[in-house]
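1. return atomic coordinates for the entry below.
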Amino acid sequence: MLLLLVFLMVLPLFLLWKHRVNGGKLLPPGPPGLPLIGNLHQLERSATHRYLWHLSKQYGPLMFLRLGFEPILVVSSPRTAEVMKTHDPEFSSRPSLLALQKLSYNGLDLAFASYGTDTVTATMVWTMTALMKNPRVMKKAQKEVRTLVGEKCFVDEDDIQKLTYMKALVKEIMRLYPAAPLLIPRETLQKCNIDGYEIPSKTLVFVNAWAIGRDPESWENPEEFMPERFLGTCIDFKGQDYKLIPFGAGRRIWPGMNLGAVTVELALANLLYSFDWEMPAGMKMEDIDTDAKPGLTMTKKNDLYLVARNYI
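-> Residues are numbered from 1 along each chain as shown. The predicted model follows:
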């Protein structure tokens, strides 16, 4: 009897919730949620971008979720990411920080603070992590920069333009380790139609740049760290190639993109020119992990310790 009473009390709330969240619209597919909280319980993960990537394999590259009554659209493929161009006006708003507290730890995530400085630091850490795990690439990059610079003792911006392999290396890092794997979220200004689905206004939009960088239909051996894939190609991260969008695209592309990229290239080139890098005593290459901290900005969970020995 008690269970029947509880059911009768909850049923109207559930029906009201279903009507309010769907309203008869044809929404993109997505995991079923619970009444009132939606998919909130499913996002308790240390790496949200990775979890959403796994969900997209089941529900598709255009996926719909809800955090409570807040509608969420997750874009996970280069083709669907073109909404940043085809629906740029509708997708050009930024959400309030209040709406992002679940995923950005009360809005204090780096993506909403000093993006131009902290994300460069995070990118450098991921770069050195990848290079220590791939000594072949490290040696090739060092040979290029040391051959070009000679005994000048430092690398400047003019040198960077001649470092073809170094530029390919930075692109490969941004493919595999985008500083903001879900980019900086957008919010739809008005309802729109994508692939036959109706996207409500005030929908929070996450573009999973991390998943797009690992799309097997766009990249050969996507999990392999291989800068050579960019040699002899015109693929760039300036928002025109939707399979490589670490800074986003459209009118909401990160305005500090060029400065950030040059800063990473200069810092990396000088680190590789000036020092030979080794593991601390007792550590092996296999000991270096690639675990990330939770949050909208992807920073390494465990500190990276290396030994630098002067080259010159």
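2. can you give the distance of stretch 127-146 from its chain's centre?
-> 23 Å (Cα atoms, centre = their mean, to the nearest Å).
3. what sits up against that stretch?
-> 155, 159, 163-166, 169-170, 172-173, 176-177, 225-227, 264, 268-269, 271-273, 276-277, 279, 285, 288, 290, 300, 304, 306, 311 (Cβ atoms under 8 Å, 6 or more residues apart in numbering). Quick note: C-beta positions are derived from backbone N, CA and C, even for glycine.
4. output the below-cut-off pLDDT ranges for the stretch 51-200 of the chain.
-> Per-residue confidence for the stretch 51-200 of the chain (pLDDT under 70) gives these ranges: 96-115.
5. show me where it has its strands.
-> 62-67, 70-75, 186-187, 192-194, 197-199 (DSSP state E, counting those that start in this stretch).
6. list the buried ones in the fourth one?
-> Across strand 192-194, burial judged by 16 or more other Cβ atoms under 10 Å covers C192, I194.
7. 38 is where my numbering starts, stick with that
-> In the new count, where the first residue is 38, that last one comes out as strand 229-231.
8. ok, that strand: who's next to it in the sheet?
-> Strand 229-231 has the following sheet partners, assigned by DSSP bridges: strand 234-236 (antiparallel).
9. mind giving me the packing neighbours of the helix or strand just after the strand it pairs with?
-> Next in sequence after strand 234-236, counting helices and strands by DSSP states H and E, comes strand 241-244. Judged by 3 or more Cβ pairs under 8 Å, 6 or more residues apart in numbering; DSSP states H and E, the packing partners of strand 241-244 are strand 107-112, strand 223-224.
10. most neighbours per residue, which of those?
-> strand 107-112 (a mean of 24; mean count of other Cβ atoms under 10 Å).
11. can you list the strands that that strand pairs with?
-> Using DSSP bridges, the strands paired with strand 107-112 are strand 99-104 (antiparallel), strand 241-244 (parallel).
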